[in-house]
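Enquirer: got a sequence here, can you model it:
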Amino acid sequence: MSDNINLLGIVSIKDFAKLIGKPESTIRTWKLRGDIPEVCFLVIGSTVFVKVNQFMECMGLAA
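Expert: A predicted model of the protein is given here:
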């Protein structure tokens, strides 16, 4: 997973969906429903990014 993550630890929702093998629409649905906490996202302009390290922590996946 780390090969596609930039130095800031963020990826677009599109790239994140590819990384975890889910459709982009699923990630967006999870975001809207609150299944993924809002703290795991960063919005710059109209682009939504996933803070991968924060996501891992929130989901209990951090090493």
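
Enquirer: okay, CA-based contacts and neighbour counts for the rest of this
Expert: OK.

Enquirer: which parts of the chain are strands?
Expert: With DSSP state E, the ranges of strands along the chain come out as 10-12, 41-44, 47-51.

Enquirer: from those strands, which stretch is densest packed?
Expert: By mean neighbour count, with neighbours taken as mean count of other CA atoms under 10 Å, strand 10-12 ranks first of those at a mean of 20.

Enquirer: shaky segments in the protein?
Expert: Counting by pLDDT under 70, the ranges of the chain that qualify are 1-7, 62-63.

Enquirer: residues contacting the spatially most central residue of it?
Expert: What sits nearest the mean C-alpha location of the chain, by CA atoms, centre = their mean, is Val50, with 2.9 Å. For Val50, the contact set (CA atoms under 8 Å, 6 or more residues apart in numbering) comprises Ile10, Val11, Ser12, Ile13, Phe16, Cys40, Phe41, Leu42.

Enquirer: one more time with 6 Å, if that's ok
Expert: By CA atoms under 6 Å, 6 or more residues apart in numbering, the residues touching Val50 are Ile10, Val11, Cys40, Phe41.

Enquirer: what of Lys14?
Expert: Taking CA under 6 Å, 6+ apart, one finds Glu24 in contact with Lys14.

Enquirer: again, only this time at 10 Å
Expert: Residues near Lys14 by CA atoms under 10 Å, 6 or more residues apart in numbering: Lys22, Pro23, Glu24, Ser25, Ile27, Arg28, Val48, Phe49, Val50.

Enquirer: wait, the fifth one touches Ala17, no?
Expert: Pointing back at Ile27 there. Yes. The pair formed by Ile27 and Ala17 meets the contact definition of CA atoms under 10 Å, at 6.5 Å.

Enquirer: excluding its backbone neighbours, what's nearest Thr47?
Expert: Leaving aside its chain neighbours, Thr47 sits nearest to Ser12 (7.5 Å; criterion: CA to CA, 6 or more residues apart in numbering).

Enquirer: residue contacts, the closest residue to Pro23 other than its chain neighbours?
Expert: The shortest distance from Pro23 to any non-neighbouring residue, by CA to CA, 6+ apart, is to Ala17 (5.8 Å). Taking CA under 10 Å, 6+ apart, we find Ala17 in contact with Val11, Pro23, Glu24, Ser25, Thr26, Ile27, Arg28, Val50.
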